[in-house]
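Undergrad: Provided below for reference: sequence and predicted model.
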Amino acid sequence: MISTMIYQLMKDATLEEIKAAGLDSHYAEHKKALYPTDANGVPFTVAYFATTGDAKADLMEDMAAEQKARAVYENLIDLTNDPDVIGPLLWLRQREVVHYNRFKELFDMYVEEGL
């Protein structure tokens, strides 16, 4: 969804608007194509995902990832006043809350059952 939002925001942007937004280096390499990076321009890599084979440890990492994503969506919401951007970000934020709660329920079940 974030990539779709970025596409929608950039598709009709002029070169002047792209430069003013500080996206000229992105444009130089990718034009208006989507290229997943973090806020510092570091490209996405699957190397960030980890698994240990220990269900509780892996669920704790999953819960942390959901909380980090929630926090990022809240930060993005703070950066805009566009209701067409805020609406989807609020939905994504709530999705992270639900995911966290489901992972937590499973984690608690594993602890309760001594797994």
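TA: That came in fine, so what should we check first?

Undergrad: who are the packing partners of the host helix or strand of residue 99?
TA: Element membership of residue 99, judged by DSSP states H and E, is helix 83-112. Under the contact criterion of 3 or more C-beta pairs under 8 Å, 6 or more residues apart in numbering; DSSP states H and E, helix 83-112 touches helix 2-10, helix 55-78. Glycine gets a C-beta too; all of them are placed from N, C-alpha and C.

Undergrad: quick check: next helix or strand after the first one?
TA: Put plainly, it is helix 2-10. That would be, after helix 2-10 and using DSSP H and E, helix 15-20.

Undergrad: tell me what the helix or strand just after that next one is packed against?
TA: Using DSSP H and E, the helix or strand that follows helix 15-20 towards the C-terminus is helix 24-30. Using 3+ C-beta pairs under 8 Å, 6+ apart, the elements in contact with helix 24-30 are helix 15-20.

Undergrad: with only the CA atoms kept, save the helix it packs on in PDB.
TA: This file holds the C-alpha atoms of helix 15-20, laid out as PDB (Å, rounded to 0.1, in the frame of the first residue of the first chain):
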ATOM      1  CA  LEU A  15      10.500  17.700 -12.300                       C
ATOM      2  CA  GLU A  16      10.500  20.900 -10.300                       C
ATOM      3  CA  GLU A  17       8.300  19.300  -7.600                       C
ATOM      4  CA  ILE A  18      10.500  16.200  -7.600                       C
ATOM      5  CA  LYS A  19      13.600  18.400  -7.100                       C
ATOM      6  CA  ALA A  20      11.900  20.500  -4.400                       C
END
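
Undergrad: the chain should start at 666 in everything you say after this.
TA: Sure, I'll start numbering at 666, so the last one becomes helix 680-685.
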